[in-house]
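Could you work out the structure for the sequence below:
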Amino acid sequence: METAPRCLCDVMLARLARYLRAAGLDIALADAAASDAQILREAIDGQRWLLTADRKMMEHKAAIGRTILLPLGSLDDQAAALSEKFGIDWLGRAFTRCLVDNAPLKPASPEQARQVPPDARQPQEDLLACPDCGRVYWRGSHYRRMRKKLERWQEMARRFNPG
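Down below sits the predicted model:
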């Protein structure tokens with residue numbers, strides 16, 4: 001398995017970016033107003049792979065060796081392509097990054113923990129918070145839905161990288 005990839009997703013892949021962040025990967029999201037050239041420059045300067053579903057992006061010389069063209073549409077198909085390319089461990093670092101701004105999560109302070117309704121979380125659950133935006137994370141229904149998808153992708157990834 002390769003080291004976890006650092007990537008930049010174009011806006012067409014914003015939903016995928018959230019799942020990649022849920023898997024604990026360092027994933028930046030391109031500005032919707034940025035040109036293709038600006039997005040490519042951001043990926044190169046940040047030493048990130050550019051993930052896109054935009055075939056026109058591949059026409060840029062700078063895209064060669066830096067860009068991965070993913071199928072448009074199905075998250076499962078996109079995850080399969082990334083599993084095949086990078087051997088992603090979908091669960092090893094799961095839920096350690098903010099889904100909104102990509103910052104590594106920290107334990108929630110008592111003040112932050114009070115923001116979460118007691119009936120929304122497990123009694124001894126450790127809450128996490130984003131040090132940048134302040135968003136608090138707990139293991140509610142959204143977490144469970146995302147985790148199930150990551151588990152499914154982990155099983156799929158084993159087929160690409162047995163052992």
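
The spatially most central residue of the chain: what's it in contact with?
Central residue of the chain (Cα atoms, centre = their mean): residue 20, 1.9 Å from the mean position. By Cβ atoms under 8 Å, 6 or more residues apart in numbering, residue 20 lies in contact with 7, 9, 27, 82. Just so you know, the C-beta spots here come from the backbone N, C-alpha and C atoms, and that holds for glycine as well.

buried subset of the residues you listed?
7, 9, 27, 82 (16 or more other Cβ atoms under 10 Å).

quick one: which of those residues is nearest to residue 64?
residue 7 (16.6 Å; Cβ to Cβ).

Spatially nearest residue to that closest one, not counting backbone neighbours?
residue 49 (4.6 Å; Cβ to Cβ, 6 or more residues apart in numbering).

Please state the backbone phi and psi of the one you found?
phi -70, psi 140 (degrees, to the nearest 10).

these two touch, right, residue 9 and residue 16?
Yes: if you go by Cβ atoms under 8 Å, residue 9 and residue 16 touch, sitting 6.2 Å apart.

where do the contact lists of those two overlap?
residue 51.

Distance check, residue 41 against residue 30.
Note on residue 41: its distance to residue 30, by Cβ to Cβ, to the nearest Å, is 11 Å.

For the protein, which segments count as strands?
7-9, 27-29, 49-52, 67-69, 106-107, 128-129, 136-137 (DSSP state E).

Indicate which one of those is closest to residue 78.
Using Cβ to Cβ, the nearest of the strands of the chain to residue 78 is strand 49-52, at 8.2 Å.

Check the offset of that closest one from the chain's centre.
Centre-to-centre, strand 49-52 and its host chain are 12 Å apart (Cα atoms, centre = their mean, to the nearest Å).

what's that strand packed up against?
Packed against strand 49-52 by the contact rule (3 or more Cβ pairs under 8 Å, 6 or more residues apart in numbering; DSSP states H and E) you find strand 7-9, helix 36-45, strand 67-69.
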